[in-house]
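J.: using only what follows, build the 3D model:
(4 chains)
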Protein chains: 2
Amino acid sequence: MTEKHSGFNASCSKCAMQGICFANGLYDTDIERLDQLVDRKPSLVKGEYLYQAGENFTSLYAIRAGIVKVYSVNEHEQEVIHGFYLPGDIVGMEALACCRHEFYAVAMDTTTVCALPYEQLTKLGTEVPNLNAQIFSLMSHEIVTGRLHSTILTQKTAEQRLADFILMMSERLRARGYEHTQFRLNVLHRDVASYLNLTPETVSRILGKFQKQGWMSWKRKEVVIQDMEALQAMASSAG
Amino acid sequence: MTEKHSGFNASCSKCAMQGICFANGLYDTDIERLDQLVDRKPSLVKGEYLYQAGENFTSLYAIRAGIVKVYSVNEHEQEVIHGFYLPGDIVGMEALACCRHEFYAVAMDTTTVCALPYEQLTKLGTEVPNLNAQIFSLMSHEIVTGRLHSTILTQKTAEQRLADFILMMSERLRARGYEHTQFRLNVLHRDVASYLNLTPETVSRILGKFQKQGWMSWKRKEVVIQDMEALQAMASSAG
DNA sequence: CGTCTCCTTGACGTTCATCAAGTATTGTGG
DNA sequence: CCACAATACTTGATGAACGTCAAGGAGACG
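T.: Predicted coordinates for the structure are as follows:
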């Protein structure tokens, strides 16, 4: 999940993620203005935090390369994973309400992000209605994604959830122009388990079954999908 | 849950829910402007829809009195309930992303709402930064609420979930100035079950237990909380 | 007053968690 | 590049929480 079609300090106007990030729907002149307030951070290494729960909220972060997990911590000090964020995704939107981050956001791999200082972003938003609309749209999308996640957790069996997860990842990568039938996924099975409300044991058993059926494999961070349709049938079977 | 401290067509400036609705943080002159774009609808009776999935998105709705449930439908035609919305709450924010409603919003009781036409609201937002900020804040809050709901579903037992639900309802009513140890809750047990990812049978059994312990009762739509602390201990006990 | 929906209670079953032990993989210091 | 530790993954045996099925009772509504 390295950066695509763009050098390290690429401006928004040259960024491959333009179509799904803040710049979506903006005129070139407005993209220029957006560009000027973006704070392009040096790469984060695996394990570095974008922010942690309790910290003051100052910026939203657009992911340019890599992968970020967002989670909270339960009363047993265990991570409750809310999502995995890919290039073009925005993290931090949950913090606007009270000026303080509610969750943890950590790089799971070498990751590059653009920080968008909230004050300046919203100021520009009042001057560029399309930008404002795009922020609303991104937040709305985040609401829907969360509800969808809840729905999957409550309505689907363990096998369906895992099939669904693989397919969603595949589709998100495809939408971003990456290879989607075979890809590196630097996510621990333990993390997938948390995200899907399962145990690592269950994830392991189900992956074993999927592999035996010849549907897919996931070994050493490398996912290979061999039978997309079988996975789709599994993910959406009544259940 | 009838309207509080305000006549039927009360303006925003006289509305009891001013502090938690869109008007929060606005200057009086701006509240006036907000007021002018609010479309105060006639009351909805139980069972009437604010909107349904697939409909075009035109307005957000601020609830002035009553109670609204928001849900989607799974592959077995069963409702998957995402939330119950009380006076001062906003519904419809999930629809901004794609101009089309994703969910169903239905009155569970006689309900009054203020419709806020989205076009006009965002236009005013660009002119009144505090209003814009308030919309962001409400949406952010909706994101957090959704994640919290997921967390409760995945991290807590059936008994904890139900105790938590009762306490959350009580607290939300208290925050809105209503009686909170004894209140009418026009919600079917079946709906609570859906919201908490349980069956009506399980809800019934647990309510029976809570009543036998002398913690609370919920009979004929009337909730009486007798031992708030016992419920709190139950809701937050590890496990 | 009768019907329909909702709620209650009991017996039983299923899914997935837990516990445990072993194997593979990754990371680290020499 | 290797030794060895730490972490992650696998596989099996067992169990618990909650769902499912079934039948009866109580409100609500015309």
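
J.: so what's the residue nearest the centre of chain A bridging to?
T.: Central residue of chain A (C-alpha atoms, centre = their mean): A:Tyr85, 1.4 Å from the mean position. Taking DSSP bridges, one finds A:Val68 as the beta-bridge partners of A:Tyr85.

J.: my read is that it contacts A:Arg64, right?
T.: No - using C-beta atoms under 8 Å, A:Tyr85 makes no contact with A:Arg64, being 11.4 Å away. Yep, even glycine has a C-beta here, placed from its N, CA and C like the rest.

J.: the lengthiest helix in chain A and chain B in contact?
T.: Using DSSP state H, we find that the single longest helix of chain A is helix A:129-155. Yes - judged by C-beta under 8 Å from any C-beta of the partner chain, helix A:129-155 and chain B are in contact via A:129, A:132-133, A:135-144, A:146-147, A:149-151, A:153-155.

J.: that helix close to DNA strand C?
T.: No - residues of helix A:129-155 are not located near DNA strand C by C-beta under 7 Å from any atom of the strand, the shortest gap being 10.1 Å.

J.: avg pLDDT for the helix or strand just after that helix?
T.: Toward the C-terminal end, the helix or strand that comes next after helix A:129-155 (DSSP states H and E) is helix A:158-175. On average, the pLDDT along helix A:158-175 is 98.

J.: quickly list the domain ranges of chain A.
T.: Using automatic domain parsing, the domain parsing of chain A gives A:12-153, A:157-236.

J.: can I get the ones you listed in CSV with distance to DNA strand D?
T.: Output for those, formatted as CSV (distance: least, C-beta to the nearest atom of the strand, whole Å):
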stretch, distance to DNA strand D
domain A:12-153, 11
domain A:157-236, 3
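
J.: just the helices in chain A please.
T.: A:28-37, A:118-127, A:129-155, A:158-175, A:189-195, A:200-212, A:228-236.

J.: buried residues, the fifth one. List them.
T.: Applying a neighbour-count criterion of 16 or more other C-beta atoms under 10 Å in any protein chain shown, the buried positions in helix A:189-195 are A:189, A:191-195.

J.: now, among those, which is nearest to DNA strand C?
T.: Using C-beta to the nearest atom of the strand, A:Ala193 is the member of those that sits closest to DNA strand C, with 7.4 Å.

J.: wait, doesn't the closest one sit right on A:Leu207?
T.: No - taking contacts as C-beta under 8 Å, A:Ala193 lies outside contact range of A:Leu207: 10.7 Å.

J.: what about the worst-scoring helix or strand of chain A on mean pLDDT, distance to the chain center?
T.: Ranking every helix and strand in chain A by mean pLDDT, DSSP states H and E puts strand A:39-40 at the bottom, with a mean of 92. Its chain's C-alpha centre and that of strand A:39-40 lie 19 Å apart, by C-alpha atoms, centre = their mean, to the nearest Å.

J.: okay, now the sheet partners of that strand, with direction.
T.: strand A:112-117 (antiparallel).

J.: contacts for the partner strand?
T.: A:3, A:8, A:22, A:37-41, A:43-44, A:50, A:58-66, A:68 (C-beta atoms under 8 Å, 6 or more residues apart in numbering or on different chains).

J.: of these, buried ones?
T.: Buried among the contacts of strand A:112-117 by 16+ other C-beta under 10 Å: A:3, A:22, A:38, A:44, A:50, A:58-66, A:68.

J.: what two of those residues are the furthest from one another?
T.: By the measure C-beta to C-beta, A:Glu3 and A:Thr58 form the most distant pair in the buried ones among the contacts of strand A:112-117, at 24.3 Å.

J.: where in chain A is pLDDT low?
T.: A:1-9, A:239 (pLDDT under 70).

J.: quick check: the closest residue to A:Phe84 other than its chain neighbours vs DNA strand C, distance?
T.: The shortest distance from A:Phe84 to any non-neighbouring residue, by C-beta to C-beta, 6 or more residues apart in numbering or on different chains, is to A:Lys69 (5.4 Å). Distance, A:Lys69 to DNA strand C, by C-beta to the nearest atom of the strand, to the nearest Å: 16 Å.

J.: what do you get for A:Leu34?
T.: 36 Å.

J.: around that residue, how many other residues sit close by?
T.: By other C-beta atoms under 10 Å in any protein chain shown, 24 other residues sit near A:Leu34.

J.: distance check, the closest residue to it other than its chain neighbours against A:Cys114.
T.: With C-beta to C-beta, 6+ apart as the criterion, A:Leu34 has its nearest non-adjacent residue at 5.5 Å, and that residue is A:Cys12. Applying C-beta to C-beta, to the nearest Å, the value for A:Cys12 to A:Cys114 is 8 Å.

J.: cool, and A:Tyr85?
T.: Taken as C-beta to C-beta, the span from A:Tyr85 to A:Cys114 is 13 Å.
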